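*Asks:* need a 3D model of the following:
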Amino acid sequence: MDAKIYQNKKFIIFFLIPAFLFMFVFLYYPFVRNILNSFQNIKYMASPSGEWHVPVYENYEKILHDQKMGIAMKNTGIMIVATIIGEVGIAIVLALLVSNIKRGAGFFRVTFFFPIVISATALGLLFNLIFLYDKGMINQILQFIGYLDAGSNELIDWKDPAHAMVTMLIPVIWQYVGFYFVILLTGISGISEEYYEAASLDGATKFQQSWYITLPLIRNSISTCVILAVTGALKVFDLPWTMLVNGMSGTWLTGTYMYSKVQNDVDYASAIAVVIVILGVVLSGIVNRLFRSNSDYEG
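*Replies:* From the prediction side, this is the model:
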């Protein structure tokens, strides 16, 4: 009798409407409004919508000729490659190593996941102490080991164009490795031990088991991580903005450059946001196709 309660779908609409209204108010409407804003003349935040641009695609044409936007796109491309290799790549290695540990695996799970719990602003200030504050810890260590001349107080300026990208990439990668590590480790934990037992009987080494069993079976988890890394790199903002305010020394990213325009050029910032969304959708589609197997296409 009780089981029939779950078959009665007459009242399901009452549960779906609140969720739909929430999504409409806080997601769908702002997204559509943002697209419209990108075609209208809106100078300052909270100011009413103005007339339509002439031509209506003026902001998108402006993006093509904006030198700072070009820098932001180039740096974001570097960020995407670095996050895929640095975050997802390191996370795969760590997940494979921890999955082979019988004792103490819980300790490593907590340790590797811990950075994602820290506020990005606090993390940015922490890495400022390491790289940028006064001498910075890195400069002091380099002077101590003799790489830099302590007598003349030789220092590396981690904010200059030659080092600024590294200064941004290290904390971003360090923070999110643990997030992808947990996703991949969860995927590995779902693999049946029978596969490994059969491989061991056939004489397969641990490396061969990881290469021919583990990695193919967590392909979907890896694909999810790569998509999250790509879309995350497109909109990363908090850590770089905390460390290098206002895109110092040409370190603009699409997320930080968009935010810099929000206060006094709202319609242009809206256009940049639309470009970020389009890039995210296109790149996510490419990643999905790259990770699809022949059986996926046949299905």
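*Asks:* residue 63 versus residue 164, what's the distance?
*Replies:* Applying C-beta to C-beta, to the nearest Å, one obtains 23 Å for the distance of residue 164 from residue 63. All C-beta spots, glycine's among them, are computed from the backbone N, C-alpha and C.
*Asks:* likewise for residue 243?
*Replies:* Computed as C-beta to C-beta, the residue 243 to residue 63 distance reads 25 Å.
*Asks:* so which of these two has more stuff around it?
*Replies:* residue 243 (24 against 19; other C-beta atoms under 10 Å).
*Asks:* the more buried one touches residue 127, doesn't it?
*Replies:* Yes: between residue 243 and residue 127 there is a contact under C-beta atoms under 8 Å: 6.2 Å.
*Asks:* need the contact list for residue 200.
*Replies:* Residue 200 makes contacts with residue 209, as judged by C-beta atoms under 8 Å, 6 or more residues apart in numbering.
*Asks:* now it, what's its secondary structure?
*Replies:* Recorded secondary structure, residue 200: helix (DSSP: H, G, I helix; E, B strand; the rest coil).
*Asks:* what of the one 3 residues further on?
*Replies:* When classified by three-state DSSP, residue 203 comes out as coil.
*Asks:* against residue 162, how distant is it?
*Replies:* Residue 203 sits 50 Å away from residue 162, going by C-beta to C-beta.
*Asks:* just want to know which of these two has more residues nearby.
*Replies:* Comparing residue 203 with residue 162 by neighbour count (other C-beta under 10 Å), the higher total belongs to residue 162, at 10 against 7.
*Asks:* quick check: phi and psi at residue 52.
*Replies:* Main-chain torsions, residue 52, degrees, to the nearest 10: phi -70, psi 140.
*Asks:* and it, bridged to which residues?
*Replies:* residue 40 (DSSP bridges).
*Asks:* list the contacts for the closest residue to residue 120 other than its chain neighbours?
*Replies:* Leaving aside its sequence neighbours, residue 120 sits nearest to residue 238 (C-beta to C-beta, 6 or more residues apart in numbering; 3.8 Å). With contact set as C-beta under 8 Å, 6+ apart, residue 238 has these partners: 120-121, 124.
*Asks:* what mean pLDDT does the helix or strand containing residue 96 have?
*Replies:* Applying DSSP states H and E as the criterion places residue 96 in helix 90-99. The average pLDDT within helix 90-99 is 92.
*Asks:* got the CA coordinates for that helix in CSV?
*Replies:* Below are the C-alpha coordinates for helix 90-99, written out as CSV (Å, rounded to 0.1, in the frame of the first residue of the first chain):
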residue,chain,number,x,y,z
ILE,A,90,48.7,15.7,-10.6
ALA,A,91,45.3,14.6,-9.2
ILE,A,92,45.4,11.4,-11.4
VAL,A,93,48.8,10.5,-10.1
LEU,A,94,47.9,11.1,-6.5
ALA,A,95,44.6,9.2,-6.9
LEU,A,96,46.5,6.2,-8.4
LEU,A,97,49.1,6.3,-5.6
VAL,A,98,46.6,6.6,-2.8
SER,A,99,44.3,3.9,-4.2
